[in-house]
Each structure stands twice: as structure tokens, then as C-alpha cells.
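**Q** Attaching a predicted model along with its sequence, questions to come.
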Amino acid sequence: MKPSLNLVMLIGELVDPADVRTTASGQTKASFRIGTQRRIPDGRVFTDRHSVVWWGRDATSAEDWKVGDIVQVTGRSGTRSYETKGSNEKKWITEITARDVALFGSEDEGDSPSPSRPPPRRGGHTPDPDDDRNDDDIPF
């Protein structure tokens, strides 16, 4: 297999309240969107919105977040399909599966995290339910 890397690192603003649910098997899942801004050469600013899914018991902390909070996400990008209810139309979505998440605070508190703030709440490594690798497969 040729070398490849699927790594996403984002710091952005929470644009919708997080949706935290527990699956029938007891897994906690938080779904949320963050916005990142980019400026193009003519000075206009665009906001990209990224869908994020965070699995594991630490994901329950997303219930406390407020729209406008600054969130850092590290994870991987993936695409999946689903069928819409009623019309059974097949749709595709690209989303970030978060591995580590940190909350920095709200935009009202300033543009960037500062040492005077409490340390960000971190969600440790959360297992990905789609990851079927075995630790015995790792060569080190």
C-alpha cells in the first residue's frame, strides 16, 4: 500500500448547538458543525462549515457548549452515504470523525486562547467504531 495521510486539524466557531445522543449499544455520539474563515486575495471573507462526529463518553461534554464557542478538532475526513426518509434518495456527506477535541471558550472572550484562561477541556483518544484494526497489527 502506498503511503497516505488522512489528518484534519481545525479551529473554528461552533455554528449550531451540538446534538448528543446515545446509540442502542450504549455509545455516545456528538454531532456538531464548526465554521472556519478564509480570506481570498480581493479581501472577501468566506466561512466554511465542517460537520464533525465525536464518539465516546467524553462527547457528552459537547452538551455544555454554546453557539460561538471556539473548538479545536483533530481527526480524519470521511465520506458516507445515507438514504433520505420518505423519498429514499441516496445522499452523500463528508464529515470529520474527531479523535481529539478541545474547547477554548467563546468568541466574546477574544480571538485566541490565552494562558489566563483555564486549560481547554480535552477529550482523550476516542475509539472509532469503524476502525477494525487490531493492536497486534501495529509493527512497533
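**A** Received the coordinates, thanks.
**Q** CA atoms for contacts and neighbours, from now on please.
**A** Noted.
**Q** Can you list the buried residues in the biggest strand by length in the chain?
**A** Ranked by residue count under DSSP state E, the longest strand found in the chain is strand 90-106. Residues 95-106 are the ones in strand 90-106 that count as buried (16 or more other CA atoms under 10 Å).
**Q** buried residues in stretch 44-56?
**A** Applying 16+ other CA under 10 Å to stretch 44-56 flags 50, 52-56 as buried.
**Q** Do a quick rundown of the helices in the protein.
**A** For the chain, applying DSSP state H gives no helices.
**Q** in it, what spans have low per-residue confidence?
**A** Low-confidence segments of the chain, defined by pLDDT under 70, are located at 106-140.
**Q** Can you tell me the centre-most residue of it?
**A** What sits nearest the mean C-alpha location of the chain, by CA atoms, centre = their mean, is Val52, with 3.3 Å.
**Q** Pull up the gap between the residue located most distally from the centre of the chain and Gly35, please.
**A** Using CA atoms, centre = their mean, the residue of the chain lying farthest from its centre is Asp42. It sits 29.9 Å away. When distance is defined by CA to CA, to the nearest Å, Asp42 is 21 Å away from Gly35.
**Q** How about Asp58?
**A** Relative to Gly35, and taking CA to CA, Asp58 is found at 22 Å.
**Q** burial count for the nearest residue to Phe32 once chain neighbours are set aside?
**A** Nearest non-adjacent residue to Phe32, counting by CA to CA, 6 or more residues apart in numbering: Ala18, 4.6 Å away. For Ala18, the neighbour count with other CA atoms under 10 Å is 24.
**Q** That'll do, ta.
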